[in-house]
Every structure is written in structure tokens, then in C-alpha cells.
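*Asks:* A predicted structure for the sequence below; I have some questions about it.
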Amino acid sequence: MFNFTYIILLILLQISPGKLSESHKNLEGVDNCLKCHAVAQKITNDKCLNCHTEIKNLISNEKGYHYFVKDENCANCHKEHFGRNFKLVNFDEKSFDHNLTKFKLEGAHAKLKCSSCHNQKFFKGEKYKNGTFLGLGTKCLDCHQDAHMGQLSQNCLECHTFEKWDLALKTFNHDKARFKLTGLHKNVNCYSCHPKSKSGNVLFTVFKNLIFSSCSNCHNDFHKGKFGECEKCHSTTGWQNLKIKFDHNLTDYKLDGMHNLLKCEKCHNKVKKIKNESDYISNFKIRHKLCLDCHTDYHGGVFMKRKSKGDCSDCHNTSGFALITFTTTRHNLETRFKLTDSHLTIPCFKCHRINNTQNFYWINLLCQSCHIDNHGNQFANDKGETYCERCHKTTKWDDLKFNHNETKFKLDGKHNQVPCNKCHYEKLTVNNFQFVKYVNTPLECESCHKDIHLGQFASNNSYTDCSRCHTPEGWKELKFNHNTDSKFKLTGAHEKLECQKCHKIENSPVGNFTRYKPLPINCEGCHAG
């Protein structure tokens, strides 16, 4: 007796429309009909999905094109029994709506050929071969190589877009990272912080395990850790934008006085146009051992021979150049010229300025280096040097220490009471300047006094030596001794006679005078008979 099912299959076999396609040829034969056909029914989707489990899984996961046509009969699209060469999958790639696969083609994906992605090299599993559109994953890394070598998220779309990979540099939000970009960090090229590395033959950019706990991890700390972490003073808006007033006293050079009022760039200006961090650093590597490292030597190197090598700090301080620390005591101890009396009250520039030029080095210390010689060089020595201090004091010019007795003419008696200009009245003219003549003043009495004796006592050189009879105590104070100083000795009654008895007043063309000589010295010269 024949089995009923077998009979049905035999009938179907008799009415089979033709051979199966190449893909289903293994199902040829009466024994395999029920693998696709239900008894007395057409092909059902369940039968198809029993074999095509990959499609069944996609439908179950609500993915792929077949999920959207799951209610359609498979046989409506995939015909069979049309021979070995019949194509089971036949649709227009250009008109196919890829959005039905739940993988929307966007950006660069929309410009690709189907075969660029639906390619065996991207298929998952060995059973997929070229010609099928299945076997592709929808994750970026299913087709693309992970350029970040597993450092970042597997979801490339967190940073990249479908338009172009490099757009990630603009769309990536660095605030999602552990290091927030602020200030000038926003303008830094990514590769400045994220270096390239190599794994085997693959070159990739390092994004993870970067050390950024301190600014010095990337930036060179030219303070050598002396001031602690950079962010204590600096901000990411720029090195020069300090968050706090920098305490310069923490450096090797303490600021005091006028230095506290200066702007930083007044000293730190080695590089005018700062282009990079190196330029900025070089602005702080400046010499500061000497004042002259920053300041111009106003004195033109005049003090270079001093122990201080001419440094300003030897005489000035930071309170201002006008406040000079070179005291009178130092002037007297350290220079060749001692300041005394009136010199103590004179401002420095009165002596140390010649023709509006500072002068601190003197070849000689003669008074006329500063003062005009009111005597017209009368007292200059053979070298043309005049030493005013021989006669004058530094209290004032009128305070003389001149001793007239050291000259050829000693002052005695009444001469001590006579003003200088009574004797020194003659004027000299030198270079249009008039001076009182002191040197080579005549020493003879008659150069100042009138010879009332009209030359009666003149010597052979025509000068009268008044001192033979008179003293400086006064004209009437005579030291003349008639017995020893004349040819006529007064004896007897002559001693009692008044001078006028013998020395009569006579007339002359120049005036009256007393006759002293010549007089007769015999008796009859005065006595008649």
C-alpha cells in the first residue's frame, strides 16, 4: 500500500515546472520537495527561513530590507524552477531605496557603488560569497580599519561624520575628554599634542595615555620648578596674561624702588615680536648682575677703573638716579679732592659739568679748573699752575690766609691798617678781563708815598729810601740820629735847637719844601761874621 504523502509528492513531481536554480540544486528530487513546499500548499516563508537563518535573524532583530517586506511571500520575489542559470535575486541597484535596510546612505557613502561595500572582503562569516548583499555589518569598523588602534570608542560617529573623516577635527568636542581645551589651547593643531606612533607597520595618532597632569608635560618650564605649577600664575589665554601679580622677589632679582613701577616688557623685551614659546622664554633670560646690563652708562665709562667697574649701584639706588648715595664722606675718602667748608654746599653738577657735559675725571685739581683766576695768572708757577689755596680758604674768597710778610714787602706798623687796594690799585687787562696787579708791585716808598723832600735823599738809582729815617709806625716816628746818620753832629747848644732853625722852608716850582741837604756844615754857614 502506498503512503499518501508519497503519492502527493509523486503527483507534484509529475507536475514540476522545471529544474531548480544553481543555488537550490541540492534540493532536487522528490525526497526534498517538502523542505520548501508544504503539503497541498505553496511555498511558505517559514520554510524559506528555516534554511536562510541569516535573513531570519535580521528580521528578528528588525534589521535589513527583509524586515520591511517580512509580510510578503518569498516566492513573489525569488522565483524557482526556471533552470540552473536563473537569477534568484534580480533588482535595479540604482532605484533601490537603501533606507529600507535601516542603514541610510549619507555623505560619502551615497557616492559609492554597491560593490564597494557589498564585497566579500567585508562579509562576516565564510558562507557569504560575492553576489549577495547580505553579510555586512553596520558598524564603521565592519568596513573601515580602526585608525586609532582601539584607543577610542568603537562608534566612529561620535567624532567623525559620513562626509569626511577629517571633519572630526572640527566637530569633535574636546570637552568630552578629560582635558578641556581653554584659551589658546583651542587654536593649537591637534597633532601638536597628539603625536604619531607606530604599531607594526601601522602609523596612528596617540589619543590615550597622554600625560597632562602638569603644564610642564608639554611646555618647557624655564623657571626650573622654582615657582611651582604654571597655572599658579599663568592662564591658557597667554603666558603674559598673569592671573595674579607676580612676586618678582621670588626670582634672582628683587624689585624695589622705581623698578616696581615698570611694566614687565620694559626689561623683558629681547624679542620684540613673539612668535612662539621659545621667543617668550628668551625674553626672561636676561643679564641682571649689573645695572649696566639694562641701563646705558650715562657717564661714558669714566668710572670703569673703580672697583665697582663703573656700575650705577656704586653711587645710585633704585629710588631714582637723582638720589645719589655717594656721600661727602665717601668723596673725602675715595677721591683726590676733599670737600670742605663752602664746597660742601655746592650741588654736584656745579663742578661735574663742563660745557653741559658730565665730567668726573680731572687731570689736575687746581682751583682754576672750576674758578676763574681773578688775578690773571699772576701767581702761576713755571708750569702755568696757580694754587689759590696758598692765599684763600674754602669758606669764602674774602677769608684770606695770605701772609704778606712772606712776600718781599713785609707789612709793619701803619701798613697793617692800609686796605690792599691802597697799594694794589693798578689794573691789568688780559683777554678783555681787567685784574688788579699784585705781582711786581714796586717796593719803593715813593711808589705809594709822595717824596716831600723832593729827592733830597735819593740814592744813585734815583730812589729815596724813606726807611733810613722813618718807620712804618708813622712819619713822625723817626729813627734818624743826627749824630750818626749825618755829617753834622748835634752837640752843646745845637741839641736844644728846633729843626726849623737850621732846616728852612724854601720855595720851588713844584711847591714848598724843607731844606735838609745840601746844607753847610761849617759855623759860618749859619752864623754871620
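*Replies:* Nice, thanks for sending it over. In this text, all values refer to a predicted model and were calculated from it rather than measured experimentally. Residues are numbered from 1 along each chain as shown.
*Asks:* can you name the residues that contact the residue nearest to Lys401 when sequence neighbours are not counted?
*Replies:* Sequence neighbours aside, Lys393 is the residue nearest to Lys401 in space, at 5.7 Å (criterion: C-beta to C-beta, 6 or more residues apart in numbering). C-beta here means a position set from N, CA and C on the backbone, and glycine is covered the same way. Applying C-beta atoms under 8 Å, 6 or more residues apart in numbering to Lys393 gives the contacts Asp341, Asp399, Leu400, Lys401.
*Asks:* widest-spaced pair of those residues?
*Replies:* The largest separation in these, counting by C-beta to C-beta, is between Asp341 and Leu400 at 13.8 Å.
*Asks:* in this structure Cys445 contacts Asp465, no?
*Replies:* Yes: at 7.5 Å, Cys445 counts as touching Asp465 under the criterion of C-beta atoms under 8 Å.
*Asks:* pull the residues that contact stretch 329-343.
*Replies:* With C-beta under 8 Å, 6+ apart, stretch 329-343 has contacts from Thr328, Trp362, Leu365, Lys393, Thr394, Thr395, Lys396.
*Asks:* list buried residues within those.
*Replies:* Lys393, Thr394 (16 or more other C-beta atoms under 10 Å).
*Asks:* which of the contacts of stretch 329-343 fall within helices?
*Replies:* Among the contacts of stretch 329-343, the residues falling in helices (DSSP state H) are Thr328.
*Asks:* would you turn the contacts of stretch 329-343 into CSV with pLDDT and distance to Leu105?
*Replies:* Formatted as CSV, the contacts of stretch 329-343 follow (pLDDT from 0 to 100; distance: C-beta to C-beta, whole Å):
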residue, pLDDT, distance to Leu105
Thr328, 92, 96
Trp362, 82, 97
Leu365, 88, 102
Lys393, 92, 112
Thr394, 92, 107
Thr395, 92, 110
Lys396, 89, 110
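*Asks:* closest one of the contacts of stretch 329-343 to Asn85?
*Replies:* For the contacts of stretch 329-343, the nearest to Asn85 is Trp362 (122.7 Å; C-beta to C-beta).
*Asks:* quick one: residues contacting that closest one.
*Replies:* With C-beta under 8 Å, 6+ apart, Trp362 has these contacts: Arg336, Phe337, Ser369.
*Asks:* my read: Ala108 touches His160, true?
*Replies:* No: with contact defined as C-beta under 8 Å, Ala108 does not count as touching His160 (10.6 Å).
*Asks:* how many neighbouring residues does Tyr387 have?
*Replies:* The tally of other residues near Tyr387 (other C-beta atoms under 10 Å) stands at 13.
*Asks:* from here on, count from 34
*Replies:* Understood, numbering begins at 34; the last thing we discussed is Tyr420.
*Asks:* check contacts around it.
*Replies:* So Tyr420 contacts Leu399, Cys400, Phe412, Asn414 (C-beta under 8 Å, 6+ apart).
*Asks:* who has more neighbours out of Ala141 and His193?
*Replies:* The residue with more neighbours, out of Ala141 and His193, is His193; 20 against 12, by other C-beta under 10 Å.
*Asks:* would you confirm that that one belongs to a strand?
*Replies:* No: counting by DSSP: H, G, I helix; E, B strand; the rest coil, His193 is not found in a strand; it is coil.
*Asks:* any regions of the stretch 84-233 of the chain where pLDDT drops low?
*Replies:* Flagging of the stretch 84-233 of the chain using pLDDT under 70 yields the residue ranges 158-160, 163, 200-203.
*Asks:* next: the stretch 434-562 of the chain.
*Replies:* In the stretch 434-562 of the chain, residues with pLDDT under 70: 562.
*Asks:* which residues of it fall in helices?
*Replies:* According to DSSP state H, counting those that start in this stretch, the stretch 434-562 of the chain carries its helices in the segments 453-456, 515-518, 532-535.
*Asks:* list the buried ones in the first one?
*Replies:* Right, helix 453-456. For helix 453-456, the neighbour count (16+ other C-beta under 10 Å) marks Cys456 as buried.
*Asks:* using CSV, write out every CA atom in that helix.
*Replies:* Listed next in CSV are the C-alpha coordinates belonging to helix 453-456 (Å, rounded to 0.1, in the frame of the first residue of the first chain):
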residue,chain,number,x,y,z
CYS,A,453,95.0,146.3,49.9
ASN,A,454,93.7,148.5,47.1
LYS,A,455,95.6,151.5,48.5
CYS,A,456,98.8,149.9,47.3
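*Asks:* contacts only, for Phe166.
*Replies:* Phe166 touches Val122, Cys147, His151, counting by C-beta under 8 Å, 6+ apart.
*Asks:* so which of those residues are in helices?
*Replies:* Short answer: the contacts of Phe166 in helices (DSSP H) are Cys147.
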